[in-house]
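In: model the structure of this input:
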Amino acid sequence: MTSKRSIFLFWALFLVPSLIVALLALRLLAHEQERLSRSALLSLSQRAQAVADTIHVTMQAVQDNMARSLLQLPPTTRLEALKSWELSNPLIRNIFIKYQNKPLTYPVPGMGSTPEERRFTARYEALFSHRLSFDFNEMMSKNETNATAAMASEKKDLNNFNELGFNTVPSEKITTPDGLEDKRTQPVPGAKNTLLALSRSPQQAMPQQKNFPGPGQTLSMSPEKIMSEKSGWIPWFSENRLFILVWGQQHKKGPVYGVELELMTLLSRLVVDFPQLDDDNIALVLMDGNAHPMHQAGKLEITRGIKPRTSIAISPLLPHWSIGVYIQTKGLVSTRGFLYISRLLLGIFLACIISGGALLTRMTLHNIKNAHQKTSFVSSVSHELKTPLTSIRMYAELLQSQRVTDPEKTQHYLSVMVTETHRLTRLINNVLDFGRLEQGKKKYHITSFDLLQLLNQIIDAHGIRIHNQGLKILFTPATHENNNFTINSDADALEQVIINLVDNALKYAGDGNFIEFIVNMETDETKKQLILLKVCDDGPGIPPEHCHEIFEKFHRVDNSLTATHPGSGLGLSISRKILRDLGGDLELEPGPNGKGCCFTARIKTT
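Out: Below is the predicted model:
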C-alpha cells in the first residue's frame, strides 16, 4: 500500500506542474500568434497606406499638370487646342467652354452635339446653369488640408523623380519581417510616367506666339493677371458614380473651360502602385465610393459579405475611394509555421516528460516486484535448504546412535540421506548458476556426447523418485534414419536443465499418472537440425494467468512458505537461459490430450 501511495503522490507532483507548464505555454503561444497576426495586419495596413500616399501624390501631380496646361492654353486657339487634346489623349473624355451668363459655347447645346456630349451636359447641369459656382469646393476641409501638408515632402520628391522621366514597376521579390511577400520596385519607365505625360497639354496644342510663352518659358503677364487665374478639380457624383472635372479660368471675366477625365484610363495608370502579393491569405483591394472592388492585389478570395479588416482613404481628390485590407491571419505562412513548430516542440516536451515519468514508474514497479520476489526467494531458499539438512541430520543421528539394527532400515536411511544430498546440491547449483547467469560469467564446456545416453542415465538415477511419487516413466525416442543423437554441447548444463524439468514435473504432476520423455528431430528455418526433448505430465497443469510468467526469475505459482510444492522459483528461468545460451530454447505447451503441461527443450546439435 505504501508503494502505491508513493507512486500516486509522485504522479500528482509530476503531472500537476507539467499541466500548468503546458497550459501556460499554450496561452503564450496564443498570445504570440495574436501578436504576429496584429503585426501582419499592421504591416499590410502600412503597405496600403504607402500605396494610398503614392496615389495621392500622383493625383496631386496630375491635378497640377492639368491646371497648368489649361491655364497656358492660348485664348485665340483655345477650342482647337482642347479638341486636339481630346482626340489625342485617352485621359480626356470630354471638353467644355462656358462664358459667364451665356449658354455653353462647347459642347453645342441641343441636337448639334453627340449623345456622349449631351450626357456630359446633363451630368454637370448644376454647374453649367450657374446653380453652383465652379469654385464651390475651393476651400478644402481641415482633414484634407492636413493630409496635403503631410504629403508635401513626398510630392516634392515625386516631382523631382518625374522630372527624370522615370516611374516604378515591380522587380525583385522580398520577404518582409512579418512573413508577407512583396515585390519591391525600382525606377524604370512605366505607366505612372505616361499618366503624368498625359496630364500635360501636347506640344502641338500650344503653338508659339509672341504674346504667349512656349513650354518651359515663363508667362509674361502682370501680377494682377496672374492673381486672377483660377483652376479647380471637381469630384462629381452622378448616378452614384464618380466623375472628375478639371477647369481653368485665365482671368475673372474670361470663360471657364476644362476637361472631364476618363476615369478608367486614370485608374489603369494608378494601380501600378499596388504591390504584387503572392500569399493566398492577404489582399489589398481598391474600392470606389460604393465599396465596389476596382482592383485587387493578392490571392485571397474576396466573397460577398466579407468586410476588410481596415480601410485606408486614398485621397481627397478621389473622395470615398479607399484601399481595403483583407487578411486571414490563421492561414499566414509566418503565423502558421510558428504555431505548428511551437505546438510540435511543446508536444515533444510533454511527451518526453510523460514518457520519462512512465518509465520511472515502470522501473519503480519492476524494482518493487523484484524486491518482493527476492524477499520471497530468500525465504523459500532458506526453507528449501533447511528441509534436506534437517532430514540428513535426523537420519545421520539415528545411524550414529546405533539404535537402528535392521539392515533394511539402515539402507533406507542412507538412501534418504543421499537423495536429500542430491536435492541440496541441485538447489545450491541453481542458486550459484543464477548468480553466474545474471552476471554473464557462466562458462560452458562444449563436448561431444550422445543425448539419448545422457537422458537414460538421468531417468535411471531419478527413477526411484519418480516411482515413489506414483508416476510411470514413458520414454518415446524418435525413429531417426541414423538414430544418431550425438551433439556438441555442455553435458553438465543440459543435465541440469533436464533434472530441473523432472523436478518441476514431480512437484506439479499432482494426481497424474505418468511422466513422458519424447525425443524428436526438427529442422529450423535455416535448415539446421534441432533435437526436441519434451518432458510431459498429465497433472493439473499451469493456470493460464501464469503461463506467460512461468519463466521469469523468482516466479512461483504458489509463493507462500506453506506451499505444498517447495521450490525457489529459479529452475525454469535458469533452464531457459542455459538453453538460449547454447543456441536453443525452452517453451511451454499443452500436455497430452489437453491435460497437464509439456515443456519442450529445443537443443542445438552443433
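
In: could I get the pLDDT score of Gly470?
Out: Listed pLDDT for Gly470 reads 84.

In: next one: Thr606
Out: 79.

In: renumber starting at 42 from here on
Out: Sure, I'll start numbering at 42, so the last one becomes Thr647.

In: that one against Ile528, yeah?
Out: Yes: using CB atoms under 8 Å, Thr647 is in contact with Ile528, at 7.1 Å. The way it works is simple: take the backbone N, C-alpha and C, and place the C-beta from them, glycine included.

In: who has more neighbours, these two?
Out: Ile528 (22 against 11; other CB atoms under 10 Å).

In: and Leu325, that one's in a strand?
Out: Yes: per DSSP: H, G, I helix; E, B strand; the rest coil, Leu325 lies within a strand segment.

In: give me the beta-bridge partners of it?
Out: Ala338, Val366 (DSSP bridges).

In: can you check Leu359 too?
Out: Ser356.

In: okay, now it: neighbour count?
Out: When neighbours are counted by other CB under 10 Å, Leu359 comes out with 23.

In: what do you get for Ile394?
Out: Around Ile394 there are 16 residues (other CB under 10 Å).

In: does it touch Ser59 like I think?
Out: Yes: using CB under 8 Å, Ile394 makes contact with Ser59 at a distance of 5.2 Å.

In: Asn529 versus the nearest residue to Gln290 once chain neighbours are set aside, what's the distance?
Out: Using CB to CB, 6 or more residues apart in numbering and skipping the chain neighbours, the partner closest in space to Gln290 is Lys271 (4.4 Å). Using CB to CB, to the nearest Å, Lys271 is found at 121 Å from Asn529.

In: looking at the two, which has the bigger crowd around it?
Out: Using other CB under 10 Å, the more surrounded residue of Lys271 and Asn529 is Lys271, with 18 against 12.

In: returning to that earlier point: pull the contacting residues for the residue nearest to Gln290.
Out: 175-176, 289-290 (CB atoms under 8 Å, 6 or more residues apart in numbering).

In: ok, Pro585 next?
Out: So Pro585 contacts nothing (CB under 8 Å, 6+ apart).

In: for it, what are phi and psi?
Out: Main-chain torsions, Pro585, degrees, to the nearest 10: phi -60, psi -30.

In: repeat that for Val445.
Out: Dihedral angles (degrees, to the nearest 10) for Val445: phi -90, psi 110.

In: tally of neighbours for it?
Out: Val445 has 15 neighbouring residues, counting by other CB under 10 Å.

In: and for Lys233?
Out: 24.

In: same deal with Lys636?
Out: Neighbour count of Lys636, defined by other CB under 10 Å: 16.

In: show me where the stretch 192-341 of the chain has strands.
Out: Along the stretch 192-341 of the chain, the stretches classed as strands by DSSP state E, counting those that start in this stretch are 208-216, 222-229, 271-279, 282-290, 297-302, 323-328, 334-338.

In: run the chain-centre distance for the last one.
Out: Between the centre of strand 334-338 and the centre of its chain there are 34 Å (CA atoms, centre = their mean, to the nearest Å).

In: what's the answer for stretch 111-127, then?
Out: Mean-position distance between stretch 111-127 and its chain equals 68 Å (CA atoms, centre = their mean).

In: and Ser489, what are its bridge partners?
Out: Ser489 has these beta-bridge partners by DSSP bridges: Asn529.

In: state the distance from it to Ile528.
Out: Separation of Ser489 from Ile528 (CB to CB) stands at 7 Å.

In: what does Ser616 give?
Out: According to CB to CB, Ser616 and Ile528 sit 17 Å apart.

In: check Ser174 too.
Out: Taking CB to CB as the measure, Ser174 falls 124 Å from Ile528.

In: with the flanking residues excluded, which residue is spatially nearest to Leu627?
Out: In space, Leu627 is closest to Arg617, 4.1 Å off (CB to CB, 6+ apart).

In: before we move on, what SS does that neighbour have?
Out: The local conformation at Arg617, judged by three-state DSSP, is helix.

In: number of nearby residues for it?
Out: Other residues near Arg617 number 22, with proximity taken as other CB under 10 Å.

In: what is the burial count for Thr155?
Out: Each residue near Thr155 was counted by other CB under 10 Å, and the total is 12.

In: so where is the stretch 442-591 of the chain shaky, pLDDT-wise?
Out: Along the stretch 442-591 of the chain, segments meeting pLDDT under 70 span 471, 474-482, 519-524.

In: so where do the helices sit in it?
Out: Remark: helices assigned in the stretch 442-591 of the chain by DSSP state H, counting those that start in this stretch are 448-480, 492-509, 532-549.

In: domains in the protein, by residue range?
Out: 71-242+265-370, 483-645 (automatic domain parsing).

In: among the helices of the stretch 442-591 of the chain, which is nearest Ser279?
Out: Ser279 lies closest to helix 448-480 among the helices of the stretch 442-591 of the chain, at 100.6 Å (CB to CB).
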